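Asker: Pasting the sequence and the predicted model now:
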Amino acid sequence: MRIITANLNGIRSAATKGFFTWLNRQRADVVCIQETKAQEWQLTDPVFHPAKFECHYHDAVKKGYSGTALFTRHTPQKIIHGLGIDWIDQEGRYLEAQFGNLSVISLYLPSGSSGEIRQEYKYRMMDAFLPHLQKLRAQNRSVVICGDWNIAHTEADIRNWRGNKKNSGFLPEERTWLSELFDKHGYCDAFRQLPQKEHEYTWWSQRGQARANNVGWRIDYQITSDDLAEQVQRTRVYRDKMFSDHAPLIIDYDFSIEP
DNA sequence: CGTAATACG
């Protein structure tokens, strides 16, 4: 099966640039979207509900802000909106689809780049999310968590690591949190299961010529439970001018969703 | 500076 994750930086803007035309050609089974920046009542146009998918939206309370979506070709047994934690769910950051023993999750971890208050919020969500991830493992579920984690893990995941050691998204505490997820809690970075390509980033600053020079960060991941690690068949970062600052991440797995 | 509403990334 193929899972795509994409931070769209505004789903309405993305639609006008041809995102849905592109998507309908991708043979995706599940599509996880972040930063819809819209509420569902603003998305009545059929373009936002492509026919071959079952489409779910999880909006932020604040208009034009954040928001996740999950499109699926197969009907899930259950859709879960949010973590059950109000101050997180108000920002529309977690949307889960359950297919038997498999959970596919669209996740948008906060950015901390605007200042201390949002960095603290980011840390608080990381702290609140970890027990949830442990619970999913304790239930013996297979899990694919797709989305914008707003953290570059290692020096291989960011072009200018020296210059960003004190910047949100590459702080030691954030990187350690991801390391512990991988080393202690039974999760792995699907993209890193296959032979490494260098300088494969998913996000570029809009300042200067960052995109043109590929001075980027890998902050979008599909993080799976360890049991799915050997299922990864092919990974691809899809760079196209249609996607203004984030590139979608496409991963093919060697498992299928039970009907 | 883009997206979408005057903030946020």
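Answerer: Received, thanks. Computed from a prediction, not measured in an experiment: that's the story for all the values here.
Asker: Any idea what the residue nearest to the spatial centre of chain A is bridged to?
Answerer: For chain A, the residue whose C-alpha lies nearest the mean C-alpha position (C-alpha atoms, centre = their mean) is A:Gly147; its distance is 0.3 Å. Bridge pairing for A:Gly147 (DSSP bridges) gives the partners A:Leu107, A:Tyr221.
Asker: Which positions in the stretch 1-150 of chain A make contact with DNA strand B?
Answerer: For the stretch 1-150 of chain A, the residues found near DNA strand B under the criterion C-beta under 7 Å from any atom of the strand are A:9-14, A:17, A:37-38, A:42, A:63-66, A:110-111, A:113-114, A:118. C-beta coordinates here come from the backbone N, C-alpha and C atoms, glycine included.
Asker: Where do the helices of the stretch 101-250 of chain A begin and end?
Answerer: Counting by DSSP state H, counting those that start in this stretch, residue ranges of the helices within the stretch 101-250 of chain A are A:116-138, A:172-184.
Asker: what packs against the last one?
Answerer: What it means is helix A:172-184. Applying 3 or more C-beta pairs under 8 Å, 6 or more residues apart in numbering; DSSP states H and E, one finds that helix A:172-184 makes contact with helix A:116-138, strand A:187-189.
Asker: coming back round to it: doesn't A:Asp220 make contact with the residue nearest to the centre of chain A?
Answerer: Yes: taking contacts as C-beta atoms under 8 Å, A:Gly147 lies within contact range of A:Asp220: 6.7 Å.
Asker: For these two, list the residues in contact with both.
Answerer: A:5, A:7 (C-beta atoms under 8 Å, 6 or more residues apart in numbering).
Asker: could I get the helices of the stretch 101-250 of chain A as a markdown table with mean neighbour count?
Answerer: Listed next are the helices of the stretch 101-250 of chain A as a markdown table, based on neighbours: other C-beta atoms under 10 Å:
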| stretch | mean neighbour count |
| --- | --- |
| helix A:116-138 | 15 |
| helix A:172-184 | 15 |
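Asker: any chance of these in CSV, plus mean pLDDT?
Answerer: Supplementary listing: those in CSV, determined by pLDDT from 0 to 100:
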stretch, mean pLDDT
helix A:116-138, 97
helix A:172-184, 97
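Asker: Distance to A:Arg207 added to those, as JSON lines?
Answerer: Rendered in JSON lines, the data for the helices of the stretch 101-250 of chain A read as follows (distance: least, C-beta to C-beta, whole Å):
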{"stretch": "helix A:116-138", "distance to A:Arg207": "19"}
{"stretch": "helix A:172-184", "distance to A:Arg207": "21"}
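Asker: Tell me which of those lies nearest to A:Gln193.
Answerer: Within the helices of the stretch 101-250 of chain A, the stretch nearest A:Gln193 is helix A:172-184; the backing value is 11.4 Å (C-beta to C-beta).
Asker: can you pull the contacts of A:Trp204?
Answerer: By C-beta under 8 Å, 6+ apart, the contact set of A:Trp204 is A:210-211, A:214-217, A:245.
Asker: Having no further points to raise, I will conclude here.
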